[in-house]
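Visitor: missing the sequence, but the structure's below:
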């Protein structure tokens, strides 16, 4: 159980030559679900040296429409070439009547919605012949109509489909601040045995002085509060593959490696960082 | 329609700004969340356009590009999660975009940048080299274009403008632009996208190949009194324009 970095094309040379023990990388699957070319070749070259996790941003598993067959076929083709350490996507929807909203949209967590998400996750796992890790997205408002909280919904989803959970600690912090619940309690409610991966990232604030809203921007260093939640989670459940995510205002490779080292140190302090993802 | 479908339809319409749907999410906290999602998804699509059309962006400046990209995203939002491929139709949109009416070459540059994106992600295949071409001379089989090859004739010097914006371009490249129409070849020799200006004979040769011509037929299509066929073929082979024959 080691820490990895979100792979950026600009960091290819450093990523290929880094000698850091246990370093692995994650990419947004959609950026590589293409026919060919230099970017896919770079990922394959990196894969020859390091484990790669595929993180989807487009499966839309909370859509009433099942995952698009051509999208699933492309993801499977990529997964078969990369042999990823993990495949993940979000508890959210993006697709409606042919349109794609490039964000993780919320929905009322009802029993009926759970049945639909279970069906979609089953389809994905059957098509890929691999387990999926499902990530908690950032929430910005408490929608009317919820029948269960997020932790319960995700736990039931995992129990019914056999999928794992990708715990995004920053998203829990952001959601807790925006919706007014206790982040620590949410962290403590996660069944440790279901957790296959953890994400850490930075967030931004929309700057409203009256009631600031936190935005899951992935454009800053991991905050101290998020590190504290991560320590709490790892102390309880033990080490898990942990990713430092940065998608905007990307700093040099070495700066990201310093954050990765913090995660490594926290895992070692908890009683053991193993060698593999 | 299921409850979830009803919700997603209303939410999607509200994201698009449809008034009745927006009114369904009037609760201030939910309306604010809706605005965050609207901004995030629009920004992701606009960032993808900025990444895929860097030369148009450099030509018009950040602010003008952002305004144009926002207008395009509203008119033709993404329909594929692969935003690295987003931007089909952007050149045509720019051609009709009133603020750019005085700069018709922008649409040509956008059309070229679209071909660069297509070439970047096209299927891999071994390119035909000189020896392979010689072998192809003896065969009565078509000369197949490499999957990454694209070509277009445009009314403005789009290729020269594009080349002037590359890191290795001379500092005064934009000042020395030949202001004429250009025929452009986009290809991907050695896994690196390349843009080159080609002449009418090369265009005729490539078009013939696209139509299934053999070497002899393509040469006939390109033949003109001033055509130097051997240099034409050497240029196209160096550009990785053809696919190596399958063994």
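Guide: Cool, the structure landed. Here the structure is a predicted model, which means the values were calculated and not measured.

Visitor: just to be sure, residue A:196 is in a helix?
Guide: No. With DSSP: H, G, I helix; E, B strand; the rest coil as the criterion, residue A:196 is assigned strand and is not in a helix.

Visitor: which one is it nearest to, not counting chain neighbours?
Guide: Nearest residue to residue A:196 in three dimensions, chain neighbours excluded: residue A:164, at 3.4 Å (C-beta to C-beta, 6 or more residues apart in numbering or on different chains). Heads up, the C-betas are built off the backbone N, CA and C, glycines and all.

Visitor: name whatever forms a beta bridge with the one you found.
Guide: Residue A:164 forms beta bridges with residue A:133, as assigned by DSSP bridges.

Visitor: list the contacts for it?
Guide: A:131-134, A:158, A:194-197 (C-beta atoms under 8 Å, 6 or more residues apart in numbering or on different chains).

Visitor: who are the neighbours in contact with residue 20?
Guide: As the question left the chain open, I've gone with chain A. Residues in contact with residue A:20 (C-beta under 8 Å, 6+ apart) are A:257, A:260.

Visitor: was after chain B, sorry
Guide: The contact partners of residue B:20, by C-beta under 8 Å, 6+ apart, come to residue B:13.

Visitor: just the pLDDT for the closest residue to chain A within chain B.
Guide: Here chain B gets closest to chain A at one residue, residue B:81, 2.5 Å apart by C-beta to the nearest C-beta. You'll see residue B:81 listed with a pLDDT of 96.

Visitor: do the one 10 residues further on as well
Guide: In this prediction, residue B:91 carries a pLDDT score of 98.

Visitor: hmm, residue A:136 is touching residue A:173, no?
Guide: No. Using C-beta atoms under 8 Å, residue A:136 makes no contact with residue A:173, being 11.0 Å away.

Visitor: how about residue B:170, secondary structure?
Guide: Applying three-state DSSP: residue B:170 is coil.

Visitor: and the nearest residue to residue B:44 once chain neighbours are set aside, what does it touch?
Guide: Of all residues not flanking residue B:44 in the chain, residue A:102 sits nearest, at 3.6 Å (C-beta to C-beta, 6+ apart). Residues near residue A:102 by C-beta under 8 Å, 6+ apart: A:57, A:94, B:40-41, B:44-45, B:48, B:78, B:81, B:83.

Visitor: contacts for stretch B:166-182 next, please.
Guide: Identification of contacts with stretch B:166-182 by C-beta under 8 Å, 6+ apart yields B:153-161, B:163-164, B:197.

Visitor: tell me the gap between it and the middle of its chain.
Guide: What separates the centre of stretch B:166-182 from the centre of its chain is 19 Å, taken as C-alpha atoms, centre = their mean, to the nearest Å.

Visitor: returning to that earlier point: for the residue nearest to residue A:196, give its distance to chain B.
Guide: Distance of residue A:164 to chain B, computed by C-beta to the nearest C-beta, to the nearest Å: 22 Å.

Visitor: helices along chain B, start to end?
Guide: B:3-15, B:19-24, B:28-52, B:54-60, B:62-75, B:90-95, B:105-121, B:130-137, B:158-164, B:200-210, B:215-222, B:229-238 (DSSP state H).

Visitor: what do you get for chain A?
Guide: Taking DSSP H as the criterion, chain A carries its helices at A:12-17, A:38-47, A:69-82, A:111-128, A:150-161, A:169-179, A:183-188, A:224-237, A:253-269.

Visitor: ranking the helices of chain B by mean pLDDT, which is last?
Guide: Among the helices of chain B, helix B:130-137 scores lowest, at a mean of 88.

Visitor: about what we covered before: just put the contacts of residue A:102 in JSON lines and tack on distance to residue A:83 and neighbour count.
Guide: As requested, the contacts of residue A:102 are exported to JSON lines (distance: C-beta to C-beta, whole Å; neighbours: other C-beta atoms under 10 Å in any protein chain shown):
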{"residue": "A:57", "distance to residue A:83": "20", "neighbour count": "24"}
{"residue": "A:94", "distance to residue A:83": "26", "neighbour count": "24"}
{"residue": "B:40", "distance to residue A:83": "32", "neighbour count": "20"}
{"residue": "B:41", "distance to residue A:83": "32", "neighbour count": "22"}
{"residue": "B:44", "distance to residue A:83": "28", "neighbour count": "19"}
{"residue": "B:45", "distance to residue A:83": "31", "neighbour count": "25"}
{"residue": "B:48", "distance to residue A:83": "28", "neighbour count": "20"}
{"residue": "B:78", "distance to residue A:83": "29", "neighbour count": "23"}
{"residue": "B:81", "distance to residue A:83": "22", "neighbour count": "26"}
{"residue": "B:83", "distance to residue A:83": "25", "neighbour count": "22"}
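
Visitor: domain ranges for chain B?
Guide: Domains of chain B are assigned by automatic domain parsing as B:1-103, B:115-247.

Visitor: the first one: how far from the chain's middle?
Guide: From the chain centre to the centre of domain B:1-103 is a distance of 20 Å (C-alpha atoms, centre = their mean).

Visitor: span of that domain from start to end?
Guide: End-to-end distance for domain B:1-103, by C-alpha to C-alpha, to the nearest Å: 48 Å.

Visitor: next one: the nearest residue to residue B:239 once chain neighbours are set aside from residue A:44, what distance?
Guide: Nearest non-adjacent residue to residue B:239, counting by C-beta to C-beta, 6+ apart: residue B:187, 4.5 Å away. Distance of residue B:187 to residue A:44, computed by C-beta to C-beta, to the nearest Å: 21 Å.

Visitor: again, but for residue A:156
Guide: For residue A:156, the distance to residue A:44 equals 37 Å [C-beta to C-beta].

Visitor: okay, the two: which has more neighbours?
Guide: In this view residue A:156 and residue A:44 are compared by other C-beta atoms under 10 Å in any protein chain shown, and residue A:156 has more residues nearby, 16 against 13.

Visitor: give the contact list for the more buried one.
Guide: Contact partners of residue A:156, counting by C-beta under 8 Å, 6+ apart, are A:114, A:148.

Visitor: read off the pLDDT value for the spatially most distant residue from the centre of chain B.
Guide: Going by C-alpha atoms, centre = their mean, the residue of chain B most distant from its centre is residue B:27, 42.7 Å out. With respect to pLDDT, residue B:27 scores 94.

Visitor: same question for residue A:237.
Guide: We have a pLDDT of 96 for residue A:237.

Visitor: give me the residue from chain A nearest chain B.
Guide: Residue nearest to chain B within chain A (C-beta to the nearest C-beta): residue A:58, separated by 2.5 Å.

Visitor: please name the residues that touch the closest residue to that residue other than its chain neighbours.
Guide: Leaving aside its sequence neighbours, residue A:58 sits nearest to residue B:81 (C-beta to C-beta, 6+ apart; 2.5 Å). For residue B:81, the contact set (C-beta under 8 Å, 6+ apart) comprises A:30, A:57-58, A:60, A:71, A:94, A:100, A:102.

Visitor: kindly report the same for residue B:118.
Guide: Residue B:118 makes contact with B:148, B:150, B:186 under the criterion C-beta under 8 Å, 6+ apart.

Visitor: neighbours of the first one, how many?
Guide: Close neighbours of residue B:148, defined as other C-beta under 10 Å, add up to 28.

Visitor: how many neighbours does residue 213 have?
Guide: No chain specified, so I'll use chain A. Counted with other C-beta under 10 Å, the neighbours of residue A:213 add up to 19.

Visitor: correction: the question concerned chain B.
Guide: Residue B:213 sits with 19 neighbouring residues when counted by other C-beta under 10 Å.

Visitor: could you do residue A:187 as well?
Guide: For residue A:187, using other C-beta under 10 Å, the count is 21.

Visitor: so it sits right up against residue A:172, yeah?
Guide: Yes. Using C-beta under 8 Å, residue A:187 is in contact with residue A:172, at 6.2 Å.

Visitor: list residues touching both of those two?
Guide: With C-beta under 8 Å, 6+ apart, residue A:187 and residue A:172 have common neighbours residue A:229.

Visitor: leaving out chain neighbours, which residue sits closest to residue A:257?
Guide: Leaving aside its chain neighbours, residue A:257 sits nearest to residue A:20 (6.8 Å; criterion: C-beta to C-beta, 6+ apart).
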